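# Sequence unavailable; structure follows:
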């Protein structure tokens, strides 16, 4: 996706908001709105934005899992059973 294709002025967006909102829904591509020639805000369809957030959350989870595995393989971690047993004893939780 090329954001440069979706650059419009805020004034133009305000004047033609209905058409721009329809375009956002159809294409799912964001629009960059400018004020005085400078990019100020990005407008995006809600479903497309939610999809972006979902993909980001998944990517962050994968990165965290990879980091945890690397740390464990490097001897920085410990087995889950051992950690859970320590918590059970520390907080006096019976089995």
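Okay, I see it. Remember, it's a predicted structure, so these values are computed and weren't measured experimentally.
# drop to CA atoms for contacts and neighbour counts, all remaining ones
Noted.
# All the strands of the protein, in order from the start?
7-9, 31-35, 38-43 (DSSP state E).
# looking at those strands, which is closest to residue 84?
For these, proximity to residue 84 was assessed by CA to CA; strand 38-43 is nearest, at 45.2 Å.
# Can you tell me the strand partners of the closest one and which way each runs?
Strand 38-43 sits in its sheet next to strand 31-35 (antiparallel), going by DSSP bridges.
# isn't residue 24 right next to residue 32, touching?
No. Between residue 24 and residue 32 there is no contact under CA atoms under 8 Å: 11.4 Å.
# Do you have the helices of the protein handy? List them.
Using DSSP state H, the helices assigned to the chain run over residues 10-15, 17-27, 46-73, 80-90.
# for those helices, which one sits closest to residue 36?
For these, proximity to residue 36 was assessed by CA to CA; helix 10-15 is nearest, at 9.0 Å.
# ok, back up a step: ranking the strands of the chain by burial, who's on top?
strand 31-35 (a mean of 19; mean count of other CA atoms under 10 Å).
# May I have the beta-bridge partners of the residue nearest to residue 9 when sequence neighbours are not counted?
Excluding its sequence neighbours, the residue lying closest to residue 9 (CA to CA, 6 or more residues apart in numbering) is residue 34, at 4.5 Å. Assessed by DSSP bridges, residue 34 has beta-bridge partners residue 9, residue 39.
# quick one: residue 34 and residue 13 touch, right?
No. Counting by CA under 8 Å, residue 34 stays clear of residue 13, with 9.6 Å between them.
# Got the domain ranges for this protein?
3-44, 48-90 (automatic domain parsing).
# Same list (the ones you listed) but as CSV, adding mean pLDDT.
Compiled in CSV, these are given as follows (pLDDT from 0 to 100):
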stretch, mean pLDDT
domain 3-44, 93
domain 48-90, 93
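# Out of these, indicate the one that is most buried.
By mean count of other CA under 10 Å, the domains of the chain have domain 3-44 as the most buried, with a mean of 14.
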